[in-house]
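Engineer: Any chance you can model this:
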Amino acid sequence: MFRHKGKGRTYSHNLKLASILSTVAGIINITGVLAVHVLTTNVTGHFAFFSEQLSLKNYTAAFTYLYYILFFLLGAFISGLIAESTARSKSHISYSIPITIEILIMLSISLSSFLFNTGQQSFSIVISPVLLFAMGLQNALVTRVSQSVVRTTHLTGLFTDLGIELSQLFFYKERSERIQLNKSIFLKLMIIGCFFLGSMIGGLGYRYFELKTLFIPVFFLLFALWYERLLFRFYHLKRRFSHPE
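Structural biologist: As a prediction, the model looks like this:
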């Protein structure tokens, strides 16, 4: 799911990656909206609000939205930095470190809800950029691992690509082309569906657990790391017994 790159990467790897991490993104996004009234999985809306506040000469609010945008960028930058610096020597670290950072962020926010008043404005100013940082981190990781095939947070681009590919169903006649097109459409539908599922889980969870709902994406991320590690051991043993010394 994370380790395979280039020709070794299959459609199945991308499907597993998309389903797990888009669910995580959906949970985090709705939790951010309900807890601090901030979208955390993209920056398009923040650019609009940033421009609006600038035009109104409300520079404090404009700076806040710019602050959000830069934290998403910082997350993507850190993820890319880790990937580039570790990919050649220790490929498993290139994905395990960003995922671990994301887990620690979710745990920290969940646990902080036991200690602080989550309704305070200062709490919102801290939590919002941290969630945006985590989503920038995840989106950059997924984009790099899947070679830009999977994006788990940007539904606008997904719906655009889906619309284009649905229109191509009327023109692609070759069996091989239609199979490839159907697989691409299904992958995008899976990402959208899992993001929606995550939003539903997060929305229902927030009614009862508030910010503690972020323990749910922690579970999904830990499962992803455990599953990857389990598969690695399986294939290692398989190669070892297939080619005994």
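
Engineer: Contacts only, for F209.
Structural biologist: Neighbouring residues of F209 by Cβ atoms under 8 Å, 6 or more residues apart in numbering: F215. Every C-beta, even on glycine, is put in place using the N, C-alpha and C of the backbone.

Engineer: Over to it: give its phi and psi.
Structural biologist: Per-residue torsions, F209: phi -120, psi -10 (degrees, to the nearest 10).

Engineer: what does stretch 10-18 rub up against?
Structural biologist: In this structure, residues lying in contact with stretch 10-18 by Cβ under 8 Å, 6+ apart are 1-2, 4, 142, 145-146, 149-150, 152, 183, 187, 190-191, 194.

Engineer: Just the buried residues of those residues.
Structural biologist: With burial judged by 16 or more other Cβ atoms under 10 Å, the buried subset of the contacts of stretch 10-18 is 1-2, 4, 142, 145-146, 149-150, 152, 187, 190-191, 194.

Engineer: and which of those residues is nearest A61?
Structural biologist: Nearest to A61 among those is T152, at 28.9 Å by Cβ to Cβ.

Engineer: quick one: L225 and P98 touch, right?
Structural biologist: No. Applying Cβ atoms under 8 Å as the test, L225 and P98 come out as separate, 10.9 Å apart.

Engineer: ok so, going back, for the buried ones among the contacts of stretch 10-18, work out which two are farthest apart.
Structural biologist: Set against one another by Cβ to Cβ, the buried ones among the contacts of stretch 10-18 have their most distant pair in H4 and C194, with a gap of 20.1 Å.
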